[in-house]
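Asker: Using only what follows, build the 3D model:
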Amino acid sequence: MAPPPEYTAEHNKERATERSPIGRRSLLLGTAVLGAAGALGATGCGRIPSGDTLARLKSQRTVRLGIAGEAPYGFIDEQGDFTGEAVELAKVVFRRLGVADVQPVATDFSSLIPGLNSQQFDVVSAGMYINKERCAQVIFADPEYQMLDSFIVRKGNPKGLRSYQDVVRTRATIATGTGYAEIDYAISAGVPEKEIIILQDPVAGLNAVESGRVDVFAGTALTGRSVVRKSRKAETTEPFAPVVDGKKKIDGGGFAFRPTDTGLRDAVNSEIHRMRKSGELFRILRPFGFTEAEMTTLTAEELCA
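Answerer: Residues are numbered from 1 along each chain as shown. As a prediction, this is how the structure comes out:
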């Protein structure tokens, strides 16, 4: 299991910044795997009733994971191998469920749910945040982690930006990634949607902050501290819970499944609960930058409400 690279690659396409090498490679490889995965799914579904996905996966001995080419959740390491907390966790879980081979399929973050529901892969294993909007489209296992937000800002945080409300108060220029929950958090705080700059990934966000193009890049606390680790010009703020409708919001991420795959979801859930209780879950996530504070007892039901 490899630790995350120095700089992370997160969700989608940026409007004006070049693509990072890891992100580009993962998406190119993902395209090739996607074609093979489609063929695999077509041949495998005929032998097992479509309603029993776990039985089909056991028969095929392969599960296709939708990932977003994003460290630390699922990415290609320096040796060219797929890894990440969600990928490594999936390897253990599915092996225990009788599925020996885990086949990651990299795509844009915004394509994960459509790809899942169109059967381009079997499960989304990308550390996806569980929220009400997504719960209307897919079902989730209970989260493997919880997460707060933080900002990437210039050294010394000259504008004193520690919340989305501070961004509004100071009229700071804010950027985040395509499909990020942080877009909604900023809008909820009063940032006009048209003023939010959408960038390709946190590396692009770091570059934008360092160059002065934006004042802040909003993302998860884990992503922020990974990205700025060797920066001389930028730092991250202390983690904080965004305030939405007057309430602090703590996010959690986990496996997503098609709405009909309740049996598969329940089987995965059972394994996650065992691993959480034994401490194995944290041992898998820790090399990717997760701390004990990011372990959680939240449920998907709570996060979907």
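
Asker: What count of nearby residues applies to residue 297?
Answerer: Number of residues near residue 297 (other CB atoms under 10 Å) recorded here: 10. The C-beta positions use only the backbone N, C-alpha and C, and glycine is treated the same way.

Asker: Skipping adjacent residues, who's closest to it in space?
Answerer: residue 276 (7.9 Å; CB to CB, 6 or more residues apart in numbering).

Asker: centre of the chain versus the helix or strand that neighbour falls within, how much separation?
Answerer: Secondary-structure assignment from DSSP states H and E places residue 276 in helix 262-278. Computed by CA atoms, centre = their mean, to the nearest Å, the chain-centroid distance of helix 262-278 equals 19 Å.

Asker: picking that back up, isn't the residue nearest to residue 297 right up against residue 285?
Answerer: No: counting by CB atoms under 8 Å, residue 276 does not reach residue 285; the two are 10.5 Å apart.

Asker: Give the intersection of the neighbour lists for these two.
Answerer: 144, 295 (CB atoms under 8 Å, 6 or more residues apart in numbering).

Asker: more neighbours, those two?
Answerer: residue 285 (23 against 17).

Asker: Measure how buried the closest residue to residue 74 other than its chain neighbours is and give me the count.
Answerer: In space, and not counting its chain neighbours, residue 74 is closest to residue 67: 3.2 Å by CB to CB, 6+ apart. By other CB under 10 Å, the residues close to residue 67 number 29.

Asker: got a pLDDT number for residue 67?
Answerer: Residue 67 is assigned 94 on the pLDDT scale.

Asker: Give me the next element, helix or strand, following the helix holding residue 276.
Answerer: That would be, after helix 262-278 and using DSSP H and E, helix 280-285.

Asker: tell me the mean pLDDT for that next one?
Answerer: Rounded mean pLDDT across helix 280-285 is 98.

Asker: Can you pull out the residues in contact with the next helix or strand after it?
Answerer: Moving toward the C-terminus from helix 280-285, the next helix or strand (DSSP H and E) is helix 300-304. By CB under 8 Å, 6+ apart, the residues outside helix 300-304 that reach it are 129-132, 135, 139-143, 251-252, 254.

Asker: in helix 300-304, what's buried?
Answerer: 300, 303 (16 or more other CB atoms under 10 Å).

Asker: same deal with stretch 253-262?
Answerer: Applying 16+ other CB under 10 Å to stretch 253-262 flags 253, 254, 255, 256, 257, 258, 261 as buried.

Asker: taking those residues one by one, which sit in helices?
Answerer: Among the buried residues of stretch 253-262, no member is found in helices (DSSP state H).

Asker: Rebuild the residues you listed as TSV, extending it with distance to residue 228 and pLDDT.
Answerer: Converted to TSV, the buried residues of stretch 253-262 look like this (distance: CB to CB, whole Å; pLDDT from 0 to 100):
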residue	distance to residue 228	pLDDT
253	21	96
254	26	97
255	29	98
256	29	98
257	34	98
258	37	98
261	38	97
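
Asker: hang on, residue 146 packs against residue 250?
Answerer: Yes: between residue 146 and residue 250 there is a contact under CB under 8 Å: 5.5 Å.

Asker: Tabulate the contacts of helix 300-304 (JSON lines), appending distance to residue 225 and secondary structure.
Answerer: Output for the contacts of helix 300-304, formatted as JSON lines (distance: CB to CB, whole Å; DSSP: H, G, I helix; E, B strand; the rest coil):
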{"residue": "129", "distance to residue 225": "18", "secondary structure": "strand"}
{"residue": "130", "distance to residue 225": "22", "secondary structure": "coil"}
{"residue": "131", "distance to residue 225": "23", "secondary structure": "coil"}
{"residue": "132", "distance to residue 225": "28", "secondary structure": "helix"}
{"residue": "135", "distance to residue 225": "28", "secondary structure": "helix"}
{"residue": "139", "distance to residue 225": "31", "secondary structure": "strand"}
{"residue": "140", "distance to residue 225": "25", "secondary structure": "strand"}
{"residue": "141", "distance to residue 225": "26", "secondary structure": "coil"}
{"residue": "142", "distance to residue 225": "25", "secondary structure": "coil"}
{"residue": "143", "distance to residue 225": "20", "secondary structure": "coil"}
{"residue": "251", "distance to residue 225": "16", "secondary structure": "strand"}
{"residue": "252", "distance to residue 225": "18", "secondary structure": "strand"}
{"residue": "254", "distance to residue 225": "21", "secondary structure": "strand"}
